[in-house]
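> Show me the folded form of this:
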Amino acid sequence: MNSGDILTKLKNKKIGVLYGGLSSEREISVKSGKAVLSALKKLKVMAVGIDANRDVAEKIRKANIDIAYIVLHGHMGEDGTVQGMLEIMGIPYVGCGVFASSASMDKDISKKLFRCSGIPTPEWTVIKRLEPVAEIKKYPIVVKPVSQGSALGVAIVKNATQFAVAAKEAFKYDKEIMVEKFISGKEITVGVLNGKSLPVIEIVPKGEFYDFKSKYQKGGSGHIIPARISCKAYSNAQYYAEKIFKVFKCKAVCRADMIVDKNNKVWVLENNTIPGMTATSLLPDASKTVGYDFKDLVLKIIESSLYDNDGKKTQPLRL
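Below you'll find the predicted structure:
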């Protein structure tokens, strides 16, 4: 289906772009959502922005939308809750479903699925708030909240003193934190669009690692496409990304973050079901290299969510 066909199918359909939310990633969600909304308006698609808070269901009813385009990050948006609400309301939505969203948001569940599927991921353990913690004998390690995005609360820890500080910070974002083996190497990410991997991006952060500032501050990191890794590592990274898309039952789009170590082994860290769509985001950068400008990317995500390759509806309600 070409862009003209999908635009014809969207004629007289009202799309509600859900952004904002209640999570710590609200600011980024607003930026991504407004960028998507702007793209839809430039395409002459009938669209309205909906700032999703606790009365989001009422806002959606009042807006009388036909399709929801979800650009929410973190809890109550990227974790399957909004997706479940929309299914109950009978409103088709763009992007991954309830299972893919909730499983990807929980890093512990994600890594268990990686391991069961033969996808290499660094060793890890999970610590609950107020539980006793076994002595950590080998540093460095990575400390992160179990269910949080945008690298909020993530720290590379080199000793016991740093661990205490990092754990306290990570617990601000979640009731469980993950302690993960640190893998030194090149940070890469692979977007998947409708089941097919995009070019591998090498991320070169200005800071110690790809933290919140590196992700969203202009000039905070460099994106190198294609990534400067071996052919084997490149092939493996794309293979793992496509496998994750299938294992997690993703729809339309996802983006997998990985590390390539000095031996060219690829380690998968996590899966993102609602990748950022800001000016500095990775998915739009990768899509650009295969011929999709931002507007094309938005349309492709909508098409892949709602229609199969023959143009038939995959979410029939209200379409």
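
> Pretty sure G33 sits against L18.
Yes: in this structure G33 lies within contact range of L18 using CB atoms under 8 Å: 7.1 Å. The way it works is simple: take the backbone N, C-alpha and C, and place the C-beta from them, glycine included.

> got the buried residues for stretch 115-132?
119-122, 124, 127 (16 or more other CB atoms under 10 Å).

> can you list the domains in the protein?
Domain segmentation of the chain under automatic domain parsing yields 3-95+293-306, 103-120+184-273, 124-181.

> I'd like these as TSV, with mean pLDDT appended.
Below are the domains of the chain laid out as TSV (pLDDT from 0 to 100):
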stretch	mean pLDDT
domain 3-95+293-306	94
domain 103-120+184-273	91
domain 124-181	88
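
> could you dump those domains to CSV with distance to T280?
As requested, the domains of the chain are exported to CSV (distance: least, CB to CB, whole Å):
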stretch, distance to T280
domain 3-95+293-306, 9
domain 103-120+184-273, 6
domain 124-181, 12
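
> circling back to that earlier point, what residues are shared contacts of G33 and L18?
Shared contacts of G33 and L18, defined by CB atoms under 8 Å, 6 or more residues apart in numbering, comprise 71-72.

> Go through the domains of the chain and name the closest to S287.
Closest to S287 of the domains of the chain is domain 3-95+293-306 (CB to CB; 4.5 Å).

> In helices, which of the buried residues of stretch 115-132 appear?
Among these, DSSP state H puts none in helices.

> Reformat the residues you listed as a markdown table; add distance to T189.
Listed next are these as a markdown table, based on distance: CB to CB, whole Å:
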| residue | distance to T189 |
| --- | --- |
| I119 | 15 |
| P120 | 16 |
| T121 | 15 |
| P122 | 16 |
| W124 | 19 |
| I127 | 27 |
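
> Mind jotting down where the strands sit in this structure?
15-20, 47-52, 67-70, 93-94, 124-128, 141-145, 155-157, 176-181, 185-193, 196-197, 201-205, 221-224, 253-261, 266-272 (DSSP state E).

> Redo the ones you listed as TSV? Include distance to K295.
Below are the strands of the chain laid out as TSV (distance: least, CB to CB, whole Å):
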stretch	distance to K295
strand 15-20	13
strand 47-52	12
strand 67-70	13
strand 93-94	15
strand 124-128	39
strand 141-145	34
strand 155-157	38
strand 176-181	37
strand 185-193	15
strand 196-197	20
strand 201-205	21
strand 221-224	20
strand 253-261	15
strand 266-272	22
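
> nearest residue to R61 other than its sequence neighbours?
Using CB to CB, 6 or more residues apart in numbering and skipping the chain neighbours, the partner closest in space to R61 is M89 (7.9 Å).

> can you count the residues close to that neighbour?
Neighbours of M89 under the rule other CB atoms under 10 Å: 15.

> And it, how far from I119?
Noted for M89: a distance of 34 Å to I119, by CB to CB, to the nearest Å.

> cool, and S197?
14 Å.
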